[in-house]
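In: please find the sequence and the predicted model below.
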Amino acid sequence: MRAVATVRPDDESFEALFTAEYARVAGIANRVLADPHEAEDVAQEVFIDFHRLHSSSAQYAPAWLHRAAAHEALNRLRGAKRRQRRELAQAAEDVDRTADPQAILELNEDRRRVRAALARLAPRPAAVLVLRASGLSYAEVAQAIGVGIGQVGTLLRRAEAALRKEVGRGTSI
Amino acid sequence: MVDDPDAHTGAEGRHFETCAECKARYETVAGDARAITSLLAAPELKVDVGSAFNRVRSAPAARPRFGFGLPVVRPGSRPMVLAFAAVIALAGLVVTAIAQGGIFTPTSVEPVPVSVTDIQALSQLSDYGSLTWTTKPNLQIVTSADEAKSISGLTPPKVANLPNGVSKTVTYAATPKAVAVFTFSKDKTASSAAGTGKNLPALPAGMDGAQLTVTVGPAVAEIFGNMTPPKAGSSALPADLPQLVIVKSNAPVATSTQVSVKQLADYLVTVPGISPELTKAIKVLGAGGTALPIPVPAEYATTSKVKVQIGDGKTVNGVALGDDTGVGAGVIWVNSFVYAVGGTIKLSDALDIANHLT
């Protein structure tokens, strides 16, 4: 008989998990929030929450982190105060990156409309879209949201259609 | 979706090669996917993993509550409260042993409602001395009962009948004994009291440097549920499980030097500035008697007293736990060892397992 996993000292395994997954977890949050600073805040909160109650050696750790990052970021997206702060920060950042005022306006307006539409989607389709757009494979998306891999394609297509429809509405936040 | 090999598998893929209608639909879907990718474009993210890790490590909440993580808790799920409650109960055993002093051999259990905040306040003991593991818990996950026994020295209990719907797949968790030492410090305590502008009450002789040594475990747990990654097409998710956990642990043993444990507990609650939560925790857990208090987080779990059959027509008193959603249940009792059964099962099932555990 062999051991399936020997739990390493938790500090060591947590650091290994953090190193392996932090960029991706922050990337998922950034995909939702379009705000690198707040995305890192979400990522760190998610790791802290995980570390409080779970073993870093748990097989489900990456899937848990991916799902939690998507949900926490989507929750923040729906929070009005944070949204306003984020938009201000985003505008300032974009001003730094381009000197074309028209381009800044268009970029901000696009992102605002898309994030507003994303915030209006139901949690699962929103999470599926974000996780896939963040580079997760079908298998990883399936694990993160708790469905069979065969369902991911259908869920994605429905979610994409729903988002396009919401964006098309063009309603303001 | 178009760049993932899992998107088209087996017969689906072969059909796609020859079906014009599907190819046309594919173009539409691919167009949607490209449009969504473009819509969800985000500002570039550059992360400094090392700095981020340091920030997380310095956050007090990042430390596992009891010095080690829980390997088998369903994430984001209310039934996990039961597992959490069970762990708090085990932490309570430690503290109870501290409070009782000497060698404590519980013969029954008694539910004591506390708040999670009260239990968390125990970490404030470090304001009055040092709290260290001299032998850290070393939890290992293994696949066989023999291996679990070789780690813990305990034979895992046998379940007579699993409730319907509970997976027969079993994994074992085992740990040798762990030893924690609390060393009371006059200087630290005086420093904590100084913040309140009040003096320390007179120290009993021998209090400074007095040590409490608590030994917990060894312990072994059986975890029923699929702990392996899901196969393609399966809806199973390792994070959804376990469904049932059965724990068997040696009762904790505590010894003290220089003063009695009761002297130390009585003194600590008189120190100026000690929080009401820590005072409550010490008082509740220090309550005397031969029954072992099981601290239950009142916000999450309900309790009731039950009788557990231990063979030959004999019964012992046990504590039944239920989470406030009605989804999970558990039973804790003492029969030479401390036992706990819990999971996303009905209380009647948990009791049935407890009654027939061998």
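Out: Everything's here; your move.
In: going by C-alpha atoms from here, please, whenever you check contacts or count neighbours.
Out: OK.
In: tell me the pLDDT of whatever residue of chain A ends up closest to chain B.
Out: Residue of chain A nearest chain B, by CA to the nearest CA: A:Gly148 (4.0 Å). In this model, A:Gly148 is scored at 84, pLDDT.
In: tell me how far it lies from B:Leu347.
Out: 30 Å (CA to CA, to the nearest Å).
In: one step back: residues near the residue of chain A closest to chain B, how many?
Out: Neighbour count for A:Gly148, taken as other CA atoms under 10 Å in any protein chain shown: 20.
In: so which residues of chain A form helices?
Out: A:10-33, A:36-53, A:61-77, A:80-97, A:101-120, A:123-133, A:138-145, A:149-169 (DSSP state H).
In: what pLDDT, on average, does the fourth one get?
Out: Model confidence over helix A:80-97, given as mean pLDDT, is 52.
In: isn't the residue of chain A closest to chain B right up against A:Tyr138?
Out: No. Counting by CA atoms under 8 Å, A:Gly148 stays clear of A:Tyr138, with 9.6 Å between them.
In: point out where the stretch 51-200 of chain B drops to low pLDDT.
Out: Low-confidence segments of the stretch 51-200 of chain B, defined by pLDDT under 70: B:60-124.
In: ranges for the helices of it?
Out: B:80-100, B:116-120, B:145-152, B:186-194 (DSSP state H, counting those that start in this stretch).
In: which residues touch residue 128?
Out: Using chain A. A:141, A:145, A:152, A:155-156, A:159 (CA atoms under 8 Å, 6 or more residues apart in numbering or on different chains).
In: nope, chain B
Out: Going by CA under 8 Å, 6+ apart, B:Tyr128 touches B:184-186, B:188-189, B:192.
In: hmm, back to that, which among the contacts of A:Val128 are in contact with chain B?
Out: A:Leu156 (CA under 8 Å from any CA of the partner chain).
In: where is pLDDT lowest across the contacts of A:Val128?
Out: Among these, A:Ile145 has the lowest pLDDT, at 85.
In: what sits against B:Thr270?
Out: Per CA under 8 Å, 6+ apart, neighbours of B:Thr270: B:Pro201.
In: and the pLDDT for it?
Out: Listed pLDDT for B:Thr270 reads 83.
In: where does it land in three-state SS?
Out: coil (DSSP: H, G, I helix; E, B strand; the rest coil).
In: for it, give its distance to chain A.
Out: According to CA to the nearest CA, to the nearest Å, B:Thr270 stands 31 Å off from chain A.
In: and that residue, backbone torsions?
Out: phi -100, psi -10 (degrees, to the nearest 10).
In: tell me how many other residues surround B:Thr134.
Out: Neighbour tally, B:Thr134, other CA under 10 Å: 13.
In: for it, which residues are in contact?
Out: B:178-181.
In: if we go to 6 Å?
Out: Shown in contact with B:Thr134 (CA atoms under 6 Å, 6 or more residues apart in numbering or on different chains): B:179-180.
In: that one and B:Ala210: what is the separation?
Out: 16 Å.
In: one more: A:Gly79?
Out: For A:Gly79, the distance to B:Ala210 - CA to CA - is 51 Å.
In: those two: who's more crowded?
Out: Neighbour tally, A:Gly79 and B:Ala210, criterion other CA under 10 Å: the higher count belongs to B:Ala210, 20 against 12.
In: just to revisit the earlier point, could I get the helices of chain A as JSON lines with distance to B:Ser275?
Out: Output for the helices of chain A, formatted as JSON lines (distance: least, CA to CA, whole Å):
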{"stretch": "helix A:10-33", "distance to B:Ser275": "29"}
{"stretch": "helix A:36-53", "distance to B:Ser275": "23"}
{"stretch": "helix A:61-77", "distance to B:Ser275": "32"}
{"stretch": "helix A:80-97", "distance to B:Ser275": "34"}
{"stretch": "helix A:101-120", "distance to B:Ser275": "42"}
{"stretch": "helix A:123-133", "distance to B:Ser275": "41"}
{"stretch": "helix A:138-145", "distance to B:Ser275": "41"}
{"stretch": "helix A:149-169", "distance to B:Ser275": "50"}
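In: by mean pLDDT, show me the worst of these.
Out: helix A:80-97 - the lowest mean pLDDT of the helices of chain A, at a mean of 52.
In: ok so B:Leu321 is a strand residue?
Out: Yes. Assigned with three-state DSSP, B:Leu321 falls within a strand.
In: nearest to B:Lys305 among the contacts of A:Val128?
Out: Checking the contacts of A:Val128 against B:Lys305 by CA to CA gives A:Ile145 as the nearest, at 38.3 Å.
In: in space, what's closest to that closest one - neighbours in sequence excluded?
Out: In space, A:Ile145 comes closest to A:Arg67 once its chain neighbours are excluded; the distance is 6.4 Å by CA to CA, 6 or more residues apart in numbering or on different chains.
In: swap in A:Ala73?
Out: Of all residues not flanking A:Ala73 in the chain, A:Ala29 sits nearest, at 5.3 Å (CA to CA, 6+ apart).
In: no further questions, thank you.
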